[in-house]
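1. give me a model of this one.
(chains A, B, C, D, E, F, G, H, I and J)
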Number of protein chains: 10
Amino acid sequence: MEVDIPRDLDPEVRADLITREKAYCQELQRTGEWAHIWRCVGQYANISVFDVADNEALHRILWNLPLFPYMTVEATPLAQHPSDLAAQEFTA
Amino acid sequence: MEVDIPRDLDPEVRADLITREKAYCQELQRTGEWAHIWRCVGQYANISVFDVADNEALHRILWNLPLFPYMTVEATPLAQHPSDLAAQEFTA
Amino acid sequence: MEVDIPRDLDPEVRADLITREKAYCQELQRTGEWAHIWRCVGQYANISVFDVADNEALHRILWNLPLFPYMTVEATPLAQHPSDLAAQEFTA
Amino acid sequence: MEVDIPRDLDPEVRADLITREKAYCQELQRTGEWAHIWRCVGQYANISVFDVADNEALHRILWNLPLFPYMTVEATPLAQHPSDLAAQEFTA
Amino acid sequence: MEVDIPRDLDPEVRADLITREKAYCQELQRTGEWAHIWRCVGQYANISVFDVADNEALHRILWNLPLFPYMTVEATPLAQHPSDLAAQEFTA
Amino acid sequence: MEVDIPRDLDPEVRADLITREKAYCQELQRTGEWAHIWRCVGQYANISVFDVADNEALHRILWNLPLFPYMTVEATPLAQHPSDLAAQEFTA
Amino acid sequence: MEVDIPRDLDPEVRADLITREKAYCQELQRTGEWAHIWRCVGQYANISVFDVADNEALHRILWNLPLFPYMTVEATPLAQHPSDLAAQEFTA
Amino acid sequence: MEVDIPRDLDPEVRADLITREKAYCQELQRTGEWAHIWRCVGQYANISVFDVADNEALHRILWNLPLFPYMTVEATPLAQHPSDLAAQEFTA
Amino acid sequence: MEVDIPRDLDPEVRADLITREKAYCQELQRTGEWAHIWRCVGQYANISVFDVADNEALHRILWNLPLFPYMTVEATPLAQHPSDLAAQEFTA
Amino acid sequence: MEVDIPRDLDPEVRADLITREKAYCQELQRTGEWAHIWRCVGQYANISVFDVADNEALHRILWNLPLFPYMTVEATPLAQHPSDLAAQEFTA
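-> Next up is the predicted model:
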């Protein structure tokens, strides 16, 4: 998810957006749907992993991001890897 | 990490490589250096996150992968995201 | 899904692969998981839409394609579109 | 079809465009020309399949989309796939 | 359409393929389906325009090209241009 | 040739540009220099074939297009294809 | 690191930014963290090598660049090369 | 070198820039540093070959182009080709 | 023009090809059709400028290069640049 | 510089190539022409900086690399950056 907030956006609107984005992100971390988030070094961008019921749920989460209108999002479907220890314990 | 094992590789060599790759991967999961691994849906490829001391350590891990000669690896440096709850607890 | 069968593959192996691929594809059409398949004009490639429970199920289907070792697969997550009439009836 | 409505568009013009786009899309679904529409997860974009008489008809449909001036459209010609069960019944 | 005949192909098989390709191409020019063909300067490739009933017909023509197994084909759907004089006479 | 007229262009200037573009294009069709023009389906773009004396002539034609300042043009040099029937008659 | 300062930025703001960028860059050269900087010929861009404790440190440095809002940054993780003489002396 | 002068630039500023660009370019042709310049057909762009002492000299020339702020420049290092007749005479 | 001679080519065939390529190239330099040739630094590739009657002539020259089967060629049409001093003298 | 040694190369030839490559690289480090070399993390590739008299010298160095036939090299011309402290001392 790459963010590109236009330079001429009202500073208050901008500050409000960023505050709401952080609250939204942390709320979804607490429910467990937003499983991981990392900052891409040197970029206003992140790589995140979501753990959701289905594609509908994922789209709803992304579409409602306060910063969505200023973002470029690319979604890559992931599955359990057969070498993942955590996954093996889960299925044991 | 994308894997492309040549079709004409001796089946025994191939089976041995895959077994050693899995053992190597799980050993590094136990030390905590190979923090996450996911399968890319529909591809012989994975997305992994490593938690290592420095670039030297990461390169040594990747270079010694049994399947390294058949892999295309792309490394993206990641950092803590300011909205990450886990990170905040850690620094508290 | 793009297919690239090596030219030097044994013709019998090749014919057997293609027969099994077709049977596998049609079996999944009957269960409803392989919802659509179209041929890309002028290419040994197809565009397909799958209707599956989750990413695990989709990966299992693709990984077990008889022609999987000769394929390049790219998976794009899709969701219901708010303008889709069929979807609206479904949720009504 | 990717949509990029400029941020500074009059909100009323914008709302009117989106309403007309939806009506146009659903009208063409009823005639059977707009055969399928899916939302690309995390993007203001869709993937659609059209069932039309010829390229002239497809271009006329796309060119007259109310949101056309704000869209990037890429058209890929598709044909029946020989493994498609629905197609086989049709030709039987 | 780009052609890449493997260097180790039997010279007789190669010569036969090229002869049949030319005959096939000229037969379709006579029926009017292969409307135009140009050589891309400095490349073993061509740009062609087809005038066919539908996508099925176009795919059948391309799939049966004697050199198809050695080709990379990209199909772009074209329609009449409103400024095309020939088209205007046709519709007058 | 792809066209991207800015949204904020004066509607009259815009209408005048498009009228002059069409007249210019048809004048060059009558002289035979603008040999072919097709609409790319779903795009404000065309694919054209020019039959001109040399590169200087082609550049002069393109540079003087009324819509040139709003266009992205890519020129591919083409030559007679040895399988082209029309070409063979010409050299006979 | 590519720089793209908008043309309509106030000239004083612009001059101030560039002065602060230079001071910031040279301060980090003195601490040894900004190890190398070269100008890409013919571009308002540079290639730099940083010698920092970890990814967090690198991101903090880049994020605080006075020109960061106008930059496109791409970070490539580097390690010691086994043929590097300087590295060998260091480990001797 | 591709040029993209913004549409809303003051026409006088624009005309002045173009005049100074031409004078600058021809002055460097006379000193022999700007060895060749060609127009890319159908584009506001050129391909040029410079014969300069070193990278510093080349960067200084490009950076001082009157149109530099509106240009995208890509520099490819070239050397004498062993088959070049002119080069052979020079070394004889 | 990029060259990629297969590693398993008979060394004598290879040496003969390279000798004939050089002779062919220098013969066309003497006729003035192969106007310039430069080596791309660090690559088995060159950038050349041809001065030929038309596209047919250029294609014939490239197609008959002894190394053509091992080359990737990309042709860019060039024209006189209005700032080119040599061109101005020519038209004076 | 990316290296791709074919898997079927004789192991002795391979070992000899790598030994000679290292010696060659370190010899040029001692003369100061090969100024820097870093390993790209997770890849059989390096990023190097050369300090040479001109393009001819750089091409001669790269062309004579023992591993050159198995390498993909991309050369980017660099110049002194005006913020580089080392450069300023040099010109003082």
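2. where does chain A have low pLDDT?
-> For chain A, the stretches with pLDDT under 70 are A:6-7, A:87-92.
3. can you name the residue of it nearest to chain H?
-> residue A:8 (15.4 Å; Cβ to the nearest Cβ). Backbone N, C-alpha and C define where each C-beta goes, glycine included.
4. next up, phi/psi of residue A:17, please.
-> In terms of degrees, to the nearest 10, the main-chain angles of residue A:17 are phi -60, psi -50.
5. where along chain A do the helices fall?
-> Secondary structure of chain A by DSSP state H: the helices cover A:11-31, A:55-63, A:85-91.
6. pairing partners for the lengthiest strand in chain A, with directions?
-> The residue-count maximum for a strand in chain A (DSSP state E) belongs to strand A:34-40. Sheet pairing of strand A:34-40 (DSSP bridges) gives strand A:46-50 (antiparallel), strand B:78-80 (antiparallel).
7. quick one: contacts of it?
-> Contacting residues not belonging to strand A:34-40 are listed as A:25, A:28-29, A:45-51, A:61, B:36, B:49, B:76-84, G:59, G:75 [Cβ atoms under 8 Å, 6 or more residues apart in numbering or on different chains].
8. count of neighbours near residue A:19?
-> Residue A:19: 11 surrounding residues under other Cβ atoms under 10 Å in any protein chain shown.
9. give the burial count for the residue of chain A found nearest chain F, as a bare number.
-> Among the residues of chain A, residue A:8 lies nearest to chain F; the distance is 15.4 Å by Cβ to the nearest Cβ. Neighbour count for residue A:8, taken as other Cβ under 10 Å: 9.
10. name the residues linked to residue A:72 by a beta bridge.
-> Residues in beta-bridge contact with residue A:72 (DSSP bridges): residue A:2.
11. quick one: it from residue A:4, how far?
-> According to Cβ to Cβ, to the nearest Å, residue A:72 and residue A:4 sit 7 Å apart.
12. try residue A:18
-> Residue A:18 is 13 Å from residue A:4, by Cβ to Cβ.
13. and the two? which has more neighbours close in?
-> Shown here are residue A:18 and residue A:4; by other Cβ under 10 Å, residue A:18 has more neighbours (15 against 11).
14. which residue, other than its chain neighbours, is closest to the more buried one?
-> Of all residues not flanking residue A:18 in the chain, residue A:67 sits nearest, at 7.5 Å (Cβ to Cβ, 6 or more residues apart in numbering or on different chains).
15. test my guess that that neighbour contacts residue A:2.
-> No. With contact defined as Cβ atoms under 8 Å, residue A:67 does not count as touching residue A:2 (10.4 Å).
16. so which of the two has more stuff around it?
-> The neighbour comparison of residue A:67 against residue A:2 (other Cβ under 10 Å) goes to residue A:67, with 18 against 13.
17. residues touching residue A:67, list them.
-> Neighbours of residue A:67 in contact, by Cβ under 8 Å, 6+ apart: A:3, A:5, A:17-18, A:21.
18. so which of those is the closest to residue F:41?
-> Of all the contacts of residue A:67, residue F:41 sits closest to residue A:3, with 33.8 Å by Cβ to Cβ.
19. please name the residues that touch the residue nearest to residue A:57 when sequence neighbours are not counted.
-> Nearest residue to residue A:57, sequence neighbours excluded (Cβ to Cβ, 6+ apart): residue A:33, at 7.3 Å. Each residue near residue A:33 by Cβ under 8 Å, 6+ apart is listed here: A:50-52, A:57, A:61.
20. which of these tops the neighbour count?
-> residue A:61 (20 neighbours).
21. the residue minimising distance to the centre of chain A pairs with what?
-> The centroid of chain A falls nearest to residue A:48 when counting by Cα atoms, centre = their mean (4.9 Å). On the basis of DSSP bridges, residue A:48 is bridged to residue A:37.
22. quick one: it from residue A:33, how far?
-> Residue A:48 is 10 Å from residue A:33, by Cβ to Cβ.
23. just residue A:4 next, same as before
-> Distance, residue A:4 to residue A:33, using Cβ to Cβ: 25 Å.
24. got the end-to-end distance for stretch A:3-15?
-> The first residue of stretch A:3-15 is 14 Å away from its last residue (Cα to Cα, to the nearest Å).
25. now swap in stretch A:67-85 and tell me
-> From its first residue to its last, stretch A:67-85 covers 35 Å (Cα to Cα).
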